[in-house]
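Asks: Pasting a predicted model and its sequence here:
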Amino acid sequence: MSLLPETGRRVTEIAVQAQSTGRAPSLALGIVRDSALLHFAAVGGQPQPDPAMQYRVGSITKTLTATMIMQLRDEGFFALDDLLYRHLPGTSVGGITLRQLLGHVSGLQREPEGTWWERSVGGDVDQLLAELPYEKVAGPPFRRYHYSNLAYGLLGAVLHRVTGEDWPTLLTKRVLDPLGMKRTSYGPVEPFARGYVVHPLHGSLHEEPRLDAGAMAPAGQLWSTVTDMAAWAAFLADPAPEVLARDTLDEMCAPVVIADETWTAGHGLGPQLYRVGERVFVGHGGSMPGYVAQLAVHRPSRIGVIAFANSYGLRGTHIQRVALDALNVVLDAEPVATQPWQPTAAPEGEAAELCGRWWWMGREYEIRAETDGVVMTCLTVPTVPWRFVREAPDRWRGTSGMNDGEILTALRDADGEVAKLDIATFIFGRDPSHLA
């Protein structure tokens, strides 16, 4: 499967323009769906990019760290509202929670103490915690969004303390190996793109050192490829259940905070959120000295974009804008794949009794059976369908739309037939004149 020729041409044009005006030695941009690479644009010659070439992904790393936090939460190691001191006893910033750290609403300052960690050899977890003054809490939690690399260093420390294993070992065992991300690594593995700072006047290149971030690695250490990040994009669209439950990923992608007054950016429990027009994307940007990166996914269509450049920024633009422009071109131009209709077995049991037309307050509804439950659709006013799964005899739980989490109760008449439905006290009947 690939993009239509004109769509691919426009995506490549966006990449070429970004590399040229941005003055990047090389730029790699991939469009993916369900981990398959639909289109790859390789621009520049230092080096010539290919889908298996490593670039440093910077803070995209945070989404993998957050995934491990959510895994351990689901396994009962801790709760997201635990105060930090429960897992890092004696820390000077122990009054903030794991949830606040994940969503960048802890009030914590952006960076750890000492020299700039991205251009320094990092210390271990004990050193990070020992050098952490109380004054690192700059404001009360949830007062405002404030991005914090330090927050993710502390989340990495929590992972280490509660499991007894270091962050790289946990990451390989819990995320990289299960998803087959063999070219994602703690340090660079050939072939990899060297990272540069481009001189602002004459355009010469200064190669940046590739340092070990130590205890700050959970915030931005990783190296990866377009191919491996395609697997990660597929995970963010539809997670592998052996790695993370779908409900947990949905929780991660729900907004914790809106980051700007125009409501175009926000943050979940790990992923960043971007709104362009009517579309919302999840993903994360990244930078380390010599590199910028962006991953974004449109979850409903399972289409994503990965963009890497081996320069510390793009002159006159931003890697996020480049990636989102390319992704929107694809979503605007590519036809939505229509799934062929397949006949299904006739519904049985209670599902069969619920099927058919229902009425409430002059509105007409239809219930049809699906493999794992029933779907109720309003035929009068367009709304998101309501899905229900059976919990007990005559009791169904809502899983989508306005009745997500609500209870549907089948009400039977004297003959034992399902005559009415009670959905969160709204009573639906078979008669069009039913109003209750």
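Replies: Received the coordinates, thanks. Numbering: from 1, shown residues only.

Asks: The stretch 201-350 of the chain: helices as residue ranges?
Replies: 217-220, 226-237, 246-253, 319-333, 349-354 (DSSP state H, counting those that start in this stretch).

Asks: quick one: which of the ones you listed is nearest V276?
Replies: helix 319-333 (5.7 Å; Cβ to Cβ). The way it works is simple: take the backbone N, C-alpha and C, and place the C-beta from them, glycine included.

Asks: Now do the SS call for Q19.
Replies: Recorded secondary structure, Q19: helix (DSSP: H, G, I helix; E, B strand; the rest coil).

Asks: number of nearby residues for it?
Replies: 24 (other Cβ atoms under 10 Å).

Asks: which residues touch it?
Replies: Q19 is in contact with S26, L27, V43, G44, A309, counting by Cβ atoms under 8 Å, 6 or more residues apart in numbering.

Asks: what do you get if the cut-off is 7 Å, keeping everything else the same?
Replies: L27, V43, G44 (Cβ atoms under 7 Å, 6 or more residues apart in numbering).

Asks: what's the closest of those to E165?
Replies: L27 (36.2 Å).

Asks: So for P141, what's the pLDDT?
Replies: Looking at P141, its pLDDT stands at 80.

Asks: measure it to G156 for me?
Replies: As for P141, its distance to G156 is 20 Å (criterion: Cβ to Cβ, to the nearest Å).

Asks: so what are the domain limits for this protein?
Replies: Following automatic domain parsing, one finds the domains of the chain at 5-333, 349-429.

Asks: quick one on the thing from earlier: ok, and the most crowded of the contacts of Q19?
Replies: L27 (28 neighbours).

Asks: Report the separation between F388 and A369.
Replies: Distance from F388 to A369, by Cβ to Cβ: 10 Å.

Asks: And R144, by the same measure?
Replies: 47 Å.

Asks: the more surrounded of the two?
Replies: Comparing R144 with A369 by other Cβ under 10 Å, the one with more neighbours is A369, at 19 against 12.

Asks: beta partners of that one?
Replies: V374 (DSSP bridges).

Asks: what sits against it?
Replies: Neighbours of A369 in contact, by Cβ under 7 Å, 6+ apart: P347, A351, A352, C355.

Asks: Nearest to V297 among those?
Replies: For these, the nearest to V297 is A351 (33.2 Å; Cβ to Cβ).

Asks: low pLDDT regions in the stretch 301-436 of the chain?
Replies: 436 (pLDDT under 70).

Asks: For it, which segments are assigned as strands?
Replies: 303-309, 356-360, 363-370, 373-378, 386-392, 395-398, 407-412, 418-423, 426-429 (DSSP state E, counting those that start in this stretch).

Asks: Mean neighbour count, those strands: which tops it?
Replies: By mean neighbour count, with neighbours taken as mean count of other Cβ atoms under 10 Å, strand 303-309 ranks first of those at a mean of 30.

Asks: elements contacting that strand?
Replies: strand 26-33, helix 226-237, strand 291-298, helix 319-333 (3 or more Cβ pairs under 7 Å, 6 or more residues apart in numbering; DSSP states H and E).

Asks: Kindly reformat the ones you listed as TSV containing distance to G277.
Replies: Putting the helices and strands packed on strand 303-309 into TSV (distance: least, Cβ to Cβ, whole Å) gives the following:
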stretch	distance to G277
strand 26-33	18
helix 226-237	19
strand 291-298	12
helix 319-333	8
